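1. Sharing a model prediction with you, sequence too.
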Amino acid sequence: MPIHAVTYVYPDRPADLDAVRPEHRAFLRDLHEKGTLLASGPLPATDDAPAGALIVLDADSPAAVEAVLDADPFARAGLVAERTIRPWSPVIGDWADRA
């Protein structure tokens, strides 16, 4: 299946994010066990960008990625201020043979 890179931007609501994070991570672990999630992790805030995350998924299309991530507890709780989904074709590294 094609690989997609997803970025999240989080709202400045650290207490809410902390409260929902265990459920969010359990959701992501389940996706990983199913083979849908290839990798994920936080993107810390910088002077130029707010905190967020990078999520790499194996899915048929951006619409399929959207459907999967709509069930993310962070999304359901309104804790994803912005989400981008882009097809990604790695040419070097462990996933290059999948492109």
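-> Looks like it arrived, so ask away.

2. Could you give the average pLDDT over the helix or strand containing residue 85?
-> Element membership of residue 85 [criterion: DSSP states H and E] is strand 82-88. Mean per-residue pLDDT for strand 82-88: 97.

3. what's the answer for stretch 31-42, then?
-> 97.

4. Can you give me the buried ones in that stretch?
-> 31, 36, 37, 38, 40 (16 or more other Cβ atoms under 10 Å). Any C-beta I mention is one placed from the backbone N, CA and C, and that applies to glycine too.

5. Let me see the ranges of the helices in the protein.
-> 14-34, 62-69, 73-76 (DSSP state H).

6. now those in a markdown table, with distance to residue 4?
-> Converted to a markdown table, these look like this (distance: least, Cβ to Cβ, whole Å):
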| stretch | distance to residue 4 |
| --- | --- |
| helix 14-34 | 12 |
| helix 62-69 | 5 |
| helix 73-76 | 16 |
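
7. Near the residue nearest to residue 10 when sequence neighbours are not counted, how many residues? Count them for me, please.
-> In space, and not counting its chain neighbours, residue 10 is closest to residue 51: 4.9 Å by Cβ to Cβ, 6 or more residues apart in numbering. Neighbour count for residue 51, taken as other Cβ atoms under 10 Å: 17.

8. just for this structure, where's the confidence low?
-> For the chain, the stretches flagged by pLDDT under 70 are 99.

9. Geometric centre of this protein: which residue is closest?
-> residue 55 (3.0 Å; Cα atoms, centre = their mean).

10. got a list of what that one touches?
-> Contact partners of residue 55, counting by Cβ atoms under 8 Å, 6 or more residues apart in numbering, are 5, 6, 7, 8, 28, 37, 39, 40, 69.

11. So residue 4 is in contact with residue 66, correct?
-> No - assessed by Cβ atoms under 8 Å, residue 4 is found out of contact with residue 66, at 9.6 Å.

12. Comparing those two, which shows the higher neighbour count?
-> Taking neighbours as other Cβ under 10 Å, residue 4 and residue 66 compare with residue 4 leading, 23 against 15.

13. Just grab the bridge partners of the more buried one for me.
-> Applying DSSP bridges to residue 4 gives these bridge partners: residue 57, residue 87.
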